[in-house]
Structures are given as structure tokens and as C-alpha cells.
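Undergrad: Build me a model from this:
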Amino acid sequence: MVTIPIQPFVHGKRVTAGLPLLGEKGDNNSPRTRGSLTVTVQWTHCEEEEEKALNETKLWAVGSGGGRALIAKKARDRPELPGEAAREVELLRQHMEHVLQLLLTMATEVLEPMYRLHSRLKVAQTRGKTAEEAKMLEQRLDALLHSLLLPQLQTVRDLVARRMDAQLPVVLKKLFGSIEEYLSSFDQSSRRELRSLMEKCLDELNSTMYSLKQEPAKNTAAADATKMALDQHLHVRAWNDQLRQILGTFFVGEESQWHFALEQRVDDAYWKLTENNGGAVSRGHRGDEKAAERPATAAAVAKRKERIERAKQEKAWYEL
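TA: Numbering: from 1, shown residues only. The predicted structure is shown next:
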């Protein structure tokens with residue numbers, strides 16, 4: 001054992017001591033010279049408490065075999081959105097608010113009246129109402145389709161294709177630098193998992209964006225146009241969920257919150273349409289297709305009655 005005097009702590013000079021090498025039992029009675037080990041110690045001043053604590057931690061790690069803890073990465077806290085990225089996200093948020101407003105207007109002012117007209121048309125057909133009344137309902141339904149529904153579907157499509165599709169890459173480009181810096185603080189396994197999550201979200205964003213950019217045809221039937229409107233809402237909802245997951249996973253703060261006051265109202269409006277009407281337009285469309293496959297003309301009905309009457313006569317003759 002070597003005792004180091006306190007003076008070096010004051011003047012900061014090195015102190016060298018020679019340690020004789022002893023036997024396994026700690027004795028020094030060997031006839032042969034074992035040699036010695038020269039040790040140099042130098043005290044250093046540590047004025048900051050944090051640095052002192054860090055040095056003590058390093059000494060403990062080296063002395064107790066805990067050196068692995070010193071090289072382990074400590075994950076950083078999620079950052080807030082950088083100023084430039086926050087501005088681009090806000091611009092994208094404004095585009096999405098416009099889309100949600102269009103979807104809400106479409107549901108309340110177009111789809112609901114179309115569902116009601118279609119229900120009245122079905123009642124008129126089943127109760128044997130006049131052909132004039134059924135024709136009037138069909139004309140009103142067709143007018144809503146071409147004057148409101150198809151133009152609004154096109155408006156949503158154009159807003160998504162021209163503005164949101166152009167703004168999304170700008171937003172992602174501003175986010176990637178902060179995301180990569182945040183990922184670099186994780187170990188390899190966690191970094192791979194987070195990167196995989198981000199890639200999955202990006203794939204979903206691209207997939208839903210592609211679906212939203214599909215243009216409605218001018219000769220689209222009422223049932224197909226209604227289904228396209230319902231699909232638009234589902235795609236917008238999925239798109240928001242994926243971007244919300246990216247921002248919530250890698251950032252904190254109010255500016256990274258991807259929520260809208262209209263979201264719940266839009267979801268409720270479209271849920272009400274599908275729940276209360278049960279896809280009446282779609283079912284009616286399928287019924288129309290079946291009717292087209294088997295046209296119930298007056299001649300066909302008369303011919304069918306003639307076959308039934310002939311079969312009855314043949315059965316009566318055999319019974320005789």
C-alpha cells in the first residue's frame with residue numbers, strides 16, 4: 001500500500017511511488033527479487049459539481065467493472081418542432097381544415113338529401129305510386145348528383161392533389177433532420193424499430209394520398225359517387241392518423257399536435273349516414289343491376305303467365 005500526501009492536491013504536481021511486488025500471500029520473503037511497480041498520481045481540481053459527479057461515476061465504473069454503462073446511449077427527450085418546420089406544418093394544417101370543412105358540407109348538404117330521396121324512391125316503387133312521382137324523384141336525385149355531389153368530389157380531389165400533395169414533401173423534408181438527430185440517441189435495436197414505424201407511416205400516407213387523387217368520372221352513377229364520397233372520408237381519416245403518429249412519436253409541444261375541431265363532427269356525420277341508411281343507395285344500385293340483367297317487361301310477364309297456365313292444363317289432363 002502507498003500513502004499519497006495531501007500536498008499534491010494543493011500544488012497539482014505529480015507524485016510517483018514505487019510499489020514492490022509481493023507474493024500471493026502478501027509476503028516479501030522470497031530470495032529472488034520480484035521487482036516493483038511504479039505508480040504516478042496527479043490530483044486535479046474539479047470546481048463544478050456536475051463534472052465532479054461525472055468523474056466519480058467514471059471512477060466507480062472503471063473500478064467496479066461497470067464500464068459498459070459509460071458507453072450505453074441515453075435516449076434524448078423528444079424535441080419540439082423547429083420554427084421553420086412548424087410554419088410548414090401549420091400551412092398543411094390549414095389545407096386539411098379546408099378538406100374537413102368540404103367533407104362536412106358534402107355530408108350534411110348533399111349526401112343526406114340524396115339518401116332521403118333514394119328512400120322515398122324505394123317507397124314509391126314498392127307501394128305502386130305513379131310513374132310521374134317516381135320520375136320526379138329520380139330527376140331530383142340526378143340533379144343533386146350532377147350539380148353538387150360530383151363537383152364537390154372533384155373539389156376535394158383537387159385540393160388534395162394540388163396543395164396537400166405538394167406541401168407534404170416540404171413538411172417531411174423539414175422534419176427529417178430533427179428526426180434523425182433524435183434517432184441517433186437510441187441504441188441500434190430501438191433506432192431500427194422507430195425507423196420501421198416511420199417508414200410504415202410514410203407508406204400509408206403515400207397510399208391514401210394516391211387514393212384521394214383519383215378523379216370521379218362525369219358519368220358516375222349515384223351509388224358509385226356516394227361510395228366514393230364515403231371512401232374519401234375514410235382515406236382522409238387514415239391520412240390524418242398516420243401523420244398524427246409521426247408527429248406524436250418524434251416531437252412534443254402544442255405545434256406538433258395534429259388535431260382538428262371539425263374531426264369529430266365529420267366522423268359523426270359520416271357514421272350517421274352509414275348507420276341510419278345502411279348503404280341504401282348501394283343496395284338499390286345492386287338491385288337495379290339485377291333488374292337490368294332480368295328485364296321485367298310486359299311481354300316477358302305475359303309469356304311467363306302463359307307457361308304457367310299451360311302447365312296447369314297439362315297437370316289436369318294427366319289427373320284425368
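
Undergrad: CA only for contacts and neighbour counts going forward, please
TA: Fine.

Undergrad: Could you pull out the buried residues of the lengthiest helix in the chain?
TA: Ranked by number of residues, the top helix in the chain under DSSP state H is helix 222-250. Of the residues in helix 222-250, those with enough neighbours to count as buried (16 or more other C-alpha atoms under 10 Å) are 222-223, 225-226, 228-230, 232-233, 235-247, 250.

Undergrad: same deal with stretch 202-211?
TA: So stretch 202-211, judged by 16+ other C-alpha under 10 Å, has buried residues Leu202, Glu204, Leu205, Thr208, Met209.

Undergrad: Could you check the pLDDT of Gly12?
TA: Predicted confidence (pLDDT) at Gly12: the value is 63.

Undergrad: Same question for Met1.
TA: Met1 is assigned a pLDDT of 54 by the prediction.

Undergrad: where does this structure have low pLDDT?
TA: For the chain, the stretches with pLDDT under 70 are 1-13, 24-26, 31-34, 43-75, 127-130, 276-320.

Undergrad: Which residue ranges of it form strands?
TA: For the chain, the strands defined by DSSP state E cover 14-20, 36-42.

Undergrad: tell me the angle the last one makes with strand 14-20.
TA: On the basis of axes from the mean of the first three to the mean of the last three C-alpha atoms, to 10 degrees, strand 36-42 is oriented at 160 degrees to strand 14-20.

Undergrad: which neighbours does strand 36-42 have in its sheet, and in what orientation?
TA: Strand 36-42 has the following sheet partners, assigned by DSSP bridges: strand 14-20 (antiparallel).

Undergrad: Export only the CA atoms of the partner strand, formatted as PDB.
TA: As requested, C-alpha coordinates have been extracted for strand 14-20 and formatted as PDB (Å, rounded to 0.1, in the frame of the first residue of the first chain):
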ATOM      1  CA  ARG A  14       2.600  14.500 -10.000                       C
ATOM      2  CA  VAL A  15       3.700  12.200  -7.200                       C
ATOM      3  CA  THR A  16       5.500   9.000  -8.100                       C
ATOM      4  CA  ALA A  17       5.800   5.900  -5.900                       C
ATOM      5  CA  GLY A  18       7.300   2.500  -6.300                       C
ATOM      6  CA  LEU A  19       5.200  -0.500  -5.200                       C
ATOM      7  CA  PRO A  20       7.200  -3.700  -4.500                       C
END
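
Undergrad: Just the buried residues of that strand, please?
TA: For strand 14-20, using 16+ other C-alpha under 10 Å, no residue counts as buried.

Undergrad: next one: stretch 122-140
TA: Lys122, Ala124, Ala134, Leu137, Glu138.

Undergrad: before we move on, what about stretch 183-190?
TA: Residues of stretch 183-190 classed as buried by neighbour count (16+ other C-alpha under 10 Å): Leu183, Ser184, Ser185, Phe186.

Undergrad: Am I right that the third one is in contact with Arg76?
TA: So the one you mean is Ser185. Yes - taking contact to mean C-alpha atoms under 8 Å, the distance of 5.8 Å between Ser185 and Arg76 places them in contact.

Undergrad: returning to that earlier point: can you list which of the buried residues of stretch 202-211 are found in helices?
TA: Leu202, Glu204, Leu205, Thr208, Met209.

Undergrad: Show the contacting residues for the last one.
TA: Spelled out, that is Met209. Val160, Asp165, His235, Trp239 (C-alpha atoms under 8 Å, 6 or more residues apart in numbering).

Undergrad: what two of the residues you listed have the greatest distance between them?
TA: Asp165 and His235 (13.8 Å; C-alpha to C-alpha).

Undergrad: Show me where the stretch 51-200 of the chain has its helices.
TA: Defined through DSSP state H, counting those that start in this stretch, the helices belonging to the stretch 51-200 of the chain, from first to last, are 67-71, 83-106, 112-126, 131-144, 150-159, 165-183, 188-212.

Undergrad: Is it possible to get CSV of those helices that adds distance to Thr16?
TA: Conversion of the helices of the stretch 51-200 of the chain to CSV gives the following (distance: least, C-alpha to C-alpha, whole Å):
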stretch, distance to Thr16
helix 67-71, 26
helix 83-106, 56
helix 112-126, 92
helix 131-144, 97
helix 150-159, 78
helix 165-183, 45
helix 188-212, 44
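
Undergrad: If anything else comes up later, I'll come back, but that's it for now.
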